[in-house]
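J.: coordinates only, no sequence provided:
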DNA sequence: TAATATTTTCAGAAATAATTGAAAATACAA
DNA sequence: TTGTATTTTCAATTATTTCTGAAAATATTA
């Protein structure tokens, strides 16, 4: 009976890890990075590199690089156990915080470069159909990006409850 | 003078196409697919496969496959010119429509599979720290996903003006 | 119908991204 | 300081994704 439960747990964890990894991968996040995050999310206690390596069957270099990437995204933290030299890692568990941190990071890394380019293109001069078209596109892309940024900025400032209460009202 | 303007236009178009492609790529959309969309977005008139191939220096197979993918996403349309056998393609130009269509498609393709898995995992039984943890994670991921879905569904139904007026009020 | 134009497919090639593993760097304890 | 545990780096390898190009399929006209 205990054995059966263990099997089920393992299986459930694996399913979650795979699904989470897949979601990350299709959104341009390294699959392994997302899987490590899932492993930490599922663990009641912080894990060390070796435990992550073991769980996902990956090399030390891979584990280390992806864990550090997760830390730089602000979704994984280090923790130390006294008398133990190893570093342990644990995940941000609040899904709302997680979503906020990921969107903030992606906004910074991916939306802002485009906004930068669009800014440069605003000054294009000349006339003709093609010039008109690019002006129009740059202008509307710009306005869309700015709006997306404002919405994100606003959402970041709200806490989960306020945000969802507010949506429910509508 | 005309020559200078043409150079500038070309340059501006290239910058936009590259930036748009990069944005797509970092969000898990094939770079070429995003670039083709950019080319069509910038063109005042529908383009045929050869024109797209020429503009991006890509093969016919590549152009064809990505154009069809864009059509399946609902962001590019076919058009026909009488007396011409070729198909011509043009992009949805309304950024708001574009954003809506892309999010709808991605929700369908990527969020829903995870929600499916989460649904299956809800029934996990047993006890202990790890079981508690996975239950908690599944529950909160599920609630986050459902909320994201409702927000998206709601947003889809609104038109641009209503949506942004509404945000400005807050 | 046959001839021609156009689109689609897909196996293999090329390009890109992820991963390994061992060496170097760092941190810590004795 | 020296030795040991741990983390980090990165060149080489491996895996994955994307792209090509030519053949097959389809559509159109005469």
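T.: Received it, and whenever you're ready, just let me know what you need. As the structure is a computational prediction, the values presented were derived from the model and not from experiment. Residues are numbered from 1 along each chain as shown, chains lettered A, B, ... in the order given.
J.: you'd agree residue A:47 is up against residue A:40?
T.: Yes: here residue A:47 reaches residue A:40: they are 6.3 Å apart, a contact under Cβ atoms under 8 Å. No exception for glycine: its C-beta is placed from N, CA and C like everyone else's.
J.: with adjacent residues omitted, what lies nearest to residue A:30?
T.: In space, residue A:30 comes closest to residue A:66 once its chain neighbours are excluded; the distance is 6.5 Å by Cβ to Cβ, 6 or more residues apart in numbering or on different chains.
J.: the one you found contacts residue A:39, correct?
T.: No: Residue A:66 is beyond contact range of residue A:39, at 10.7 Å (criterion: Cβ under 8 Å).
J.: in chain A, where is pLDDT below threshold?
T.: A:1, A:160, A:163-164, A:167-170 (pLDDT under 70).
J.: what about the residue positioned nearest the centre of it, distance to residue A:71?
T.: Among the residues of chain A, the one closest to the centroid is residue A:102, at 3.5 Å (Cα atoms, centre = their mean). For residue A:102, the distance to residue A:71 equals 14 Å [Cβ to Cβ, to the nearest Å].
J.: hmm, stretch A:74-88 in reach of DNA strand D?
T.: Yes: using Cβ under 7 Å from any atom of the strand, stretch A:74-88 comes into contact with DNA strand D via A:84-87.
J.: what's the answer for stretch A:3-19, then?
T.: No: taking Cβ under 7 Å from any atom of the strand as the criterion, stretch A:3-19 and DNA strand D are apart, separated by no less than 12.7 Å.
J.: do that stretch and DNA strand C come into contact?
T.: No: judged by Cβ under 7 Å from any atom of the strand, stretch A:3-19 makes no contact with DNA strand C; its nearest approach is 12.7 Å.
J.: same question, stretch A:34-52
T.: No: figure legend: stretch A:34-52 not in contact with DNA strand C (Cβ under 7 Å from any atom of the strand); closest approach 8.2 Å.
J.: buried residues in that stretch, which are they?
T.: Residues A:34-43, A:46-49, A:51-52 are the ones in stretch A:34-52 that count as buried (16 or more other Cβ atoms under 10 Å in any protein chain shown).
J.: which strand or helix spans residue A:130?
T.: Element membership of residue A:130 [criterion: DSSP states H and E] is helix A:129-157.
J.: in that helix, which residues are buried?
T.: Buried residues in helix A:129-157, counted by 16+ other Cβ under 10 Å: A:130-131, A:133-135, A:137-138, A:140-142, A:144-145, A:147, A:152.
J.: do you know how far residue A:43 is from residue A:99?
T.: Look at residue A:43 and residue A:99: by Cβ to Cβ, they are 20 Å apart.
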